[in-house]
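In: fold the following.
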Amino acid sequence: MRATLLAACLLVSASATAQQPAQKPTFKKPAVNSGLQTGTFNVRGAMNAVVGGSDDCSVPDAIAGEGSTPFDNGIATTGADGQNEYLCYQFGSSAVDNDVWFAWIAAATGPHNISTCGGTSVDTKLAVYPGGACPTPGSVIVCLDDSCGLQQSVSVNATAGSTYMIQLGCFPGATGGTGTLDISQPAPPSGNDDCSAPDAIAGQGVFSYDSSAATTGAEGQTEYICYDFGSSAVDSDIWFSWTSDFTGNAQVSTCNIASYDTKIAAYPGSPACPTAGSSLACNDDYIGCANYSSLMNFAVTTGSVYVLQIGAFPGSSGGAGTFDISSQAPPQAHPQDECAGALAIAGTGSFPWDSASPGAATTGTDGQGEPLCYAFGSSAVNNDIWFSWTANATGLADVTFCLGGTSMDTKLAAWPNACPPVPGSILACNDDTCGLQSEVQFNATSGTTYLLQVGAFGAGTVGSGTFDIAIAGAPGGPGTAYCSGDGSGTTACPCGNGGASGAGCTNGSGLGGALGASGSASVSVDTLVLEASQLLPNQPALFFQGDNAINGGSGISFGDGLRCAGGGVIRLQVRFPDANGDCSTTIGIAAKGGCQMGDVKRYQAWYRDPATSPCGAAFNLSNGYEIAWGA
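Out: This is a model prediction of the structure:
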């Protein structure tokens, strides 16, 4: 889901100190020729003539107002000014290579967008400083490396008549070139950008909205039920005051009718601006909806007024679209509401669950009141449904919601296979392990069946998504492969370069890099070996470890492949594949990765593909591989 989140997908060196800014991996950007290039130069005339930027900040090119300005940093040098700004520290460097300078005079007061997005193929880096002279160290207003692919867009609150220095350069090591620098003012926000002035709507139907120029208000930004993918914020939000024409269950949806990553919430209608903690429902990505669109349900009464917040996932832009309000049928009994109706599942992998349909789950009497489940003032597992799971291996079983399969505040328990469960026989129970999501671990025996109780912390909370099960020592090696480039996940390979099942996206050899393992996933024995194949011969391959499976295990586009492992990343070892494209680790993975008994870690191999890169990024990644570490 989250290409916008890729600035958060940072491979941080294990030796980085707490004082250092977070770093992207050195392999994020493929190595390029950093030498100066031959080319042409412009003889520049008066202000507003064709310009390309000055190589010296002491004599910047003068520009004013809004519009597009050509730039040319193809033969620019890297000056000493503006090279050590903290805000510019991204991807391991604060440098702005091959930089040219503009002294820009703002014609209006307010936010301005300064951008190279869509105006060049150069890997640009942008910084803005106050004043019209060479900048004072530490005075940078804003600085960005990648915000739209390899190009940038920054926003500056400018004052009419004031001069600002714009530094336009390259990511360190990239080659300069030509393009256009665009300066514009965003459209003013709509009237319902403020919750105190919502648009009034009523009844059922499809309603239009436009949040293209919306700001992010202070209200409705910290609701715990809105916490998803690391944030409870609702960006670029606009507001509606809706009067219900029915009593029952209301469904508000942007599902498949929004073209961007929406996030929506509902609140009681009085007062208009919501009180913190009063949210009735909230959703970011509803399973089965395209474009990361949203769907939520909540109880309503005829004639009552409710406040609807329509926004975007943090970091995403708003847009124009429609949302739908409809009445849903009366709730039906959920077939898994009691353990007698437990759904049979087996083995490892990702399993769907839905406590909202068919029929919303209630809080049954089975599996309630266990001291092991006591958390935040309650031992209840609310609105619970049941699964009957049979293990396919003997080892430490890990059942988790931590791979991004839901935004709901889950609660999870495991029991021996006895229905109703015997009080006190519970094997494991958890409320919050990773944010508001849950994870339990217990020793499982191959062929033995266990009961899994899937519920919520909140008394009125139901939802849907997936949970994942892994076992240390499961068949097929000590771990489980995931996130292959065969199209089985929600994220496609970057340029149609899909690979085979169990491997990454196709590289220049016509195959996808495959990652597996051998040995024991035991922290005390530490004999596990990560094994990569179908890579490019003699090109460096980096094995790395992460805490999370990105985007629910489907990964996100990165280079020529999919980035599948992230969070607390540790670079394990660089190896060079042999003539067949095979290589493996030679270190103690548990020791290097700081693994403890019960940890579930995700692994991946990044590798170079400089000559035959199908998408032009010059690097690719294997599939992901998950290990549940035992004693």
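
In: could I have the CA atoms of stretch 142-152 written out in PDB?
Out: Once side chains and other backbone atoms are set aside, the C-alpha atoms of stretch 142-152 remain, and they are given as PDB (Å, rounded to 0.1, in the frame of the first residue of the first chain):
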ATOM      1  CA  VAL A 142      13.100  22.500   3.700                       C
ATOM      2  CA  CYS A 143      15.200  19.900   1.900                       C
ATOM      3  CA  LEU A 144      14.200  16.700   0.100                       C
ATOM      4  CA  ASP A 145      15.700  14.000  -1.900                       C
ATOM      5  CA  ASP A 146      13.000  11.700  -3.300                       C
ATOM      6  CA  SER A 147       9.300  12.700  -3.100                       C
ATOM      7  CA  CYS A 148       8.100  11.700  -6.600                       C
ATOM      8  CA  GLY A 149      10.300   8.900  -7.900                       C
ATOM      9  CA  LEU A 150      13.800  10.300  -8.100                       C
ATOM     10  CA  GLN A 151      12.500  13.900  -8.400                       C
ATOM     11  CA  GLN A 152      11.300  16.400  -5.700                       C
END
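
In: show me the contact partners of it.
Out: The contact list for stretch 142-152 (CB atoms under 8 Å, 6 or more residues apart in numbering) reads 7, 85, 87-88, 90-91, 96, 115-120, 122-128, 153-156, 171, 174. Bear in mind the C-beta positions are built from the backbone N, C-alpha and C, glycine included.

In: 7 Å instead?
Out: 85, 87-88, 90-91, 115-117, 120, 123-128, 153-154, 156, 171 (CB atoms under 7 Å, 6 or more residues apart in numbering).

In: narrow those residues to those that are buried.
Out: Among the contacts of stretch 142-152, those classed as buried by neighbour count (16 or more other CB atoms under 10 Å) are 85, 88, 90-91, 115-116, 120, 123-128, 154, 156, 171.

In: of these, closest to Ser327?
Out: When the buried ones among the contacts of stretch 142-152 are ranked by distance to Ser327 (CB to CB), Ser115 comes first, at 44.1 Å.

In: model confidence for the closest one, exactly?
Out: The per-residue pLDDT reported for Ser115 equals 92.

In: likewise Gly35?
Out: We note a pLDDT of 40 for Gly35 in this prediction.

In: one more: Ala276?
Out: Predicted confidence (pLDDT) for Ala276: 87.

In: cool, and the one 3 residues further on?
Out: Per-residue confidence for Ser279 comes out at a pLDDT of 89.

In: quick check: which element contains it?
Out: Mapping Ser279 onto the secondary structure by DSSP states H and E places it in no helix or strand at all.

In: quick one: low-confidence parts of the stretch 351-500 of the chain?
Out: Filtered on pLDDT under 70, the stretch 351-500 of the chain yields the residue ranges 459-460, 472-477.

In: which of the buried ones among the contacts of stretch 142-152 lies closest to Ser196?
Out: Minimum distance to Ser196 across those is 27.5 Å, recorded for Val156 (CB to CB).

In: so the closest one lies in a helix, does it not?
Out: No - note on Val156: no helix contains this position according to DSSP: H, G, I helix; E, B strand; the rest coil, which reports strand.

In: ok, now how distant is it from Ile63?
Out: When CB to CB, to the nearest Å is applied, the distance between Val156 and Ile63 equals 14 Å.

In: ok, Gly369 next?
Out: For Gly369, the distance to Ile63 - CB to CB - is 70 Å.

In: who has more neighbours out of these two?
Out: Ile63 (19 against 12; other CB atoms under 10 Å).

In: dump the strand or helix carrying the more buried one to PDB, restricted to CA.
Out: Secondary-structure assignment from DSSP H and E places Ile63 in strand 61-64. Taking only C-alpha atoms (Å, rounded to 0.1, in the frame of the first residue of the first chain), the coordinates of strand 61-64 have been written out as PDB:
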ATOM      1  CA  ASP A  61      19.900  33.400 -11.300                       C
ATOM      2  CA  ALA A  62      17.000  35.700 -10.400                       C
ATOM      3  CA  ILE A  63      13.500  34.400 -10.900                       C
ATOM      4  CA  ALA A  64      10.100  35.700  -9.600                       C
END
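
In: tell me which helix or strand comes right after that strand.
Out: strand 67-72.

In: for Asn291, state which of the buried ones among the contacts of stretch 142-152 is nearest.
Out: Using CB to CB, the buried ones among the contacts of stretch 142-152 come closest to Asn291 at Ser115, 23.4 Å.

In: show me what the closest one is bridged to.
Out: Here Ser115 sits in beta bridges with Ser153, Asp182, as judged by DSSP bridges.

In: quick one, phi/psi of Ser425?
Out: phi -90, psi 0 (degrees, to the nearest 10).

In: quick check: the closest residue to it other than its chain neighbours vs Gly496, distance?
Out: Taking CB to CB, 6 or more residues apart in numbering as the measure, Ser425 lies nearest to Pro416, with 5.6 Å between them; neighbours along the chain are not counted. Pro416 sits 48 Å away from Gly496, taking CB to CB as the criterion.

In: looking at the two, which has the bigger crowd around it?
Out: Applying other CB under 10 Å to Pro416 and Gly496 shows that Pro416 carries more neighbours, namely 15 against 10.

In: these two touch, right, that one and Ala428?
Out: No - the criterion here is CB atoms under 7 Å, and Pro416 misses it with Ala428 at 11.4 Å.

In: so what are the domain limits for this protein?
Out: Structurally, the chain divides into domains by automatic domain parsing as follows: 40-184, 191-328, 339-471, 480-628.

In: what about Gly377, neighbour count?
Out: Close neighbours of Gly377, defined as other CB under 10 Å, add up to 6.

In: revised request: answer the last question for Gly176.
Out: 27.

In: pull the contacting residues for it.
Out: For Gly176, the contact set (CB under 7 Å, 6+ apart) comprises 37, 73-74, 76, 98, 122, 170.

In: this completes my enquiry, with thanks.
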